[in-house]
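In: I need the structure of the sequence given here:
(one chain, ligands or ions: 2)
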Amino acid sequence: MASEFFASSNVVFGKDAVKELPKMLKEYVAKSVMVVYDAGVKMAGIAEKVLAEVEKAEVKVTVFDGVIPNPTNEVVEEAAKLAHAEEIDVFVAVGGGSSIDLTKAVNILMTNPGPIGQYGGIGMVKKAVLPLIAIPTTAGTSSEITNVVALTDTKAVCKYVIIDNKIVADKVIADPEFTKTMPPSVTAATGMDAITHAVESYISNMATPLTEYHSLKGLQIFQKYLPRAVANGSDMEAREQMMLGCIIAGFGFSNANLGLVHGIAHTLSAHFHLAHGMANATVLPYVMEYNAPSCPQKMAELAQAIGLPVTGDMEKDQLLLSKELLKLTKELGIKTLSQQGIEEKDLEMLAEDVLKEPVLGFNPRQGVTKEDVLTILRKAM
Ligand SMILES: NC(=O)c1ccc[n+]([C@@H]2O[C@H](COP(=O)([O-])OP(=O)(O)OC[C@H]3O[C@@H](n4cnc5c(N)ncnc54)[C@H](O)[C@@H]3O)[C@@H](O)[C@H]2O)c1
Ligand SMILES: [Fe+2]
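Out: Ligands and ions are numbered 1, 2, ... in the order given. Modelled structure (predicted):
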């Protein structure tokens with residue numbers, strides 16, 4: 001059966017890449033530019049550096065600095081109102097997945113009517129969007145190159161995704177220096193999100209040889225460099241490799257989608273505001289242990305790719321990866337669910353909601369039950 005692989009990105013990668021920004025804005029003949037970020041990006045001094053470059057393009061500048069983690073429909077609508085009022089014609093998104101996703105969502109509303117919630121699902125956006133330049137400051141979500149936006153619906157208490165090739169950022173400015181200010185806990189959480197993308201997309205039932213190539217390479221890079229980036233935030237080789245890995249792995253999961261780990265993480269974040277990467281990392285080893293019997297060969301391939309001692313005995317090899325991931329999460333200080341405020345009494349409700357997650361359709365192990373999810377959640381407590 002034929003399969004489609006979509007990749008569309010224009011990436012300027014490396015130190016001082018942000019200096020390309022004025023030229024890019026001039027090429028777009030931008031008149032009114034909106035720069036979007038959050039408080040953490042401002043505190044890190046990154047917003048200031050980007051704004052200085054935007055100034056050089058002699059355009060009208062509007063700042064939206066009200067991005068929140070796991071951005072909500074309400075914040076998207078608020079920023080879109082401002083963007084319409086200021087007749088924005090080019091967007092510059094600076095930050096982690098929250099800032100870039102929010103900007104991608106606002107951009108949808110510039111050419112398509114609201115509310116934003118109607119675009120949840122695959123290929124629901126009707127009209128082409130405006131130019132968007134994405135400047136990532138975390139190395140985790142790959143939002144700078146993906147066709148995905150993840151938003152929180154506060155009324156339905158869930159996270160939902162908009163997947164559409166039309167919403168990909170036109171240009172990416174990827175300067176590893178911008179990730180240097182991430183504290184170790186944020187580096188660990190966002191990096192574990194990247195590992196989750198690589199692993200889940202590799203075993204997804206939508207995976208193809210083209211996506212597998214990206215997922216595998218991404219995992220190799222992350223496994224080698226994430227511990228270094230967490231241990232020493234100024235290790236620029238590690239920072240550079242993590243950012244590069246996100247671009248590589250992003251093409252994999254943008255096409256192959258994800259699975260049960262993200263289903264659980266989205267539910268946890270919607271109810272308890274857990275940071276996305278932390279939510280993934282907490283359950284990742286246990287979901288992989290659960291998935292292993294349905295894709296033992298692929299589990300062994302992932303283990304082999306990161307140098308684990310495969311024996312040829314599938315019974316043992318299929319569990320090497322989940323054990324290694326558990327070790328890694330402990331080393332990186334990933335919190336348990338109870339350390340993140342989840343209590344035993346919350347688990348039934350969470351397990352029920354996880355079963356409603358559309359992303360479960362891509363998970364290699366099908367027929368996931370409430371009991372299965374409860375077992376995973378209890379292990380992660
Ligand atoms: N679109 C996609 O393809 C995709 C994929 C995975 C996840 N996501 C979404 O992305 C969001 C998570 O994004 P994230 O993990 O990048 O975190 P984030 O954007 O929420 O940022 C986390 C925290 O780190 C701070 N921060 C960011 N960069 C920093 C820096 N360089 N120095 C210091 N502090 C910094 C932020 O201010 C924030 O407080 C979630 O909503 C998730 O669902 C999207
Ligand atoms: Fe993710």
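In: quick one: K356 from ligand 1, how far?
Out: Separation of K356 from ligand 1 (CB to the nearest ligand atom, to the nearest Å): 17 Å. Just so you know, the C-beta spots here come from the backbone N, C-alpha and C atoms, and that holds for glycine as well.
In: same check, this time on N147
Out: For N147, the distance to ligand 1 - CB to the nearest ligand atom - is 8 Å.
In: how deep is that residue tucked in, by neighbour count?
Out: 24 (other CB atoms under 10 Å).
In: again, but for E315
Out: Neighbour tally, E315, other CB under 10 Å: 10.
In: those strands in this protein, which residues are they?
Out: Along the chain, the segments classed as strands by DSSP state E run 11-13, 32-36, 60-64, 90-95, 121-122, 132-136, 148-153, 158-163, 171-174.
In: got the residues of the stretch 151-300 of the chain near ligand 1?
Out: Residues of the stretch 151-300 of the chain found near ligand 1 (CB under 6 Å from any ligand atom) are F178, T179, T181, M182, V186, T190, D193, H276, G277.
In: the residue in the stretch 251-381 of the chain that ligand 1 sits nearest to and F222, how far apart?
Out: Taking CB to the nearest ligand atom as the measure, the stretch 251-381 of the chain has H276 as its residue closest to ligand 1, at 3.8 Å. Look at H276 and F222: by CB to CB, to the nearest Å, they are 16 Å apart.
In: more neighbours: the two, which one.
Out: Between H276 and F222, F222 has the larger neighbour count (other CB under 10 Å), namely 30 against 26.
In: quick revisit: can you redo the strands of the chain as TSV with mean neighbour count and mean pLDDT?
Out: TSV is the format used below for those (neighbours: other CB atoms under 10 Å; pLDDT from 0 to 100):
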stretch	mean neighbour count	mean pLDDT
strand 11-13	16	98
strand 32-36	23	98
strand 60-64	17	98
strand 90-95	28	98
strand 121-122	13	96
strand 132-136	28	98
strand 148-153	23	97
strand 158-163	22	97
strand 171-174	24	98
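In: in stretch 322-341, which residues are buried?
Out: For stretch 322-341, burial by neighbour count (16 or more other CB atoms under 10 Å) applies to S322, E324, L325, L326, L328, T329, L332, I334, K335, L337, Q340.
In: next one: stretch 80-89
Out: Using 16+ other CB under 10 Å as the test for burial, stretch 80-89 gives A80, A83, I88, D89.
In: list the contacts of the spatially closest residue to T369 that is not a sequence neighbour.
Out: Closest residue to T369 apart from its sequence neighbours, by CB to CB, 6 or more residues apart in numbering: L355 at 7.8 Å. By CB atoms under 8 Å, 6 or more residues apart in numbering, the contact list for L355 reads V368, T369, K370, V373.
In: just the buried members of those residues?
Out: V368, V373.
In: which pair in the contacts of L355 spans the largest distance?
Out: Spatial extent of these (CB to CB) is set by the pair V368 and K370 at 8.6 Å.
In: remind me which residues of the stretch 101-250 of the chain are low pLDDT?
Out: For the stretch 101-250 of the chain, no stretch is flagged by pLDDT under 70.
In: thought A238 was touching F222?
Out: No - with contacts counted by CB atoms under 8 Å, A238 stays clear of F222, the gap being 10.4 Å.
In: list the buried residues of the longest helix seen in the chain.
Out: Counting by DSSP state H, the longest helix found in the chain is helix 209-231. Within helix 209-231, the residues that qualify as buried are 211-212, 214-223, 225-227, 229-230, counting by 16+ other CB under 10 Å.
In: how is this protein divided into domains?
Out: The domain map for the chain lists 11-178, 184-379, with the assignment taken from automatic domain parsing.
In: which one of those domains lies nearest to S3?
Out: It is, among the domains of the chain and with distance given as CB to CB, domain 184-379, at 4.6 Å.
In: among the buried residues of stretch 322-341, which two are most distant?
Out: By the measure CB to CB, E324 and Q340 form the most distant pair in those, at 22.4 Å.
In: okay, S9: pLDDT?
Out: S9 carries a pLDDT value of 89.
In: to what extent is it buried, counted in neighbours?
Out: Other residues near S9 number 18, with proximity taken as other CB under 10 Å.
In: contacting residues around the nearest residue to it once chain neighbours are set aside?
Out: Computed as CB to CB, 6+ apart, the closest residue to S9 that is not its neighbour in sequence is I145, at 4.5 Å. The neighbours of I145, taking CB under 8 Å, 6+ apart as the test, are A7, S9, V11, A134, V168, A169, V172, C246, I247, G250, F251, S254.
In: can you check K60 too?
Out: K60 neighbours (CB under 8 Å, 6+ apart): K31, S32, V33, E86.
In: hey, what's the second one bridged with?
Out: It stands for S32. K60 (DSSP bridges).
In: distance check, A134 against E371.
Out: For A134, the distance to E371 equals 41 Å [CB to CB].
In: report the central residue of this protein.
Out: Computing the C-alpha centroid of the chain and ranking residues by CA atoms, centre = their mean puts T141 first, at 2.2 Å.
In: okay, the nearest residue to it once chain neighbours are set aside and M110: tell me how far apart.
Out: For T141, ignoring the flanking residues on the chain, the nearest one in space by CB to CB, 6+ apart is G97 at 3.1 Å. Remark: distance between G97 and M110 (CB to CB) = 20 Å.
In: these two: who's more crowded?
Out: The neighbour comparison of G97 against M110 (other CB under 10 Å) goes to G97, with 26 against 18.
In: show me what contacts the more buried one?
Out: G97 makes contacts with T138, G140, T141, S143, A150, T190, D193, H276, as judged by CB under 8 Å, 6+ apart.
In: cool, M124 as well?
Out: For M124, the contacting residues are Q118, I162, D164, by CB under 8 Å, 6+ apart.
In: pLDDT wise, what is M1 at?
Out: 78.
In: quick one: it from T208, how far?
Out: Taken as CB to CB, the span from M1 to T208 is 10 Å.
In: comparing those two, which residue is more hemmed in?
Out: Neighbours per residue, other CB under 10 Å: of M1 and T208, the larger number sits with T208, 16 against 3.
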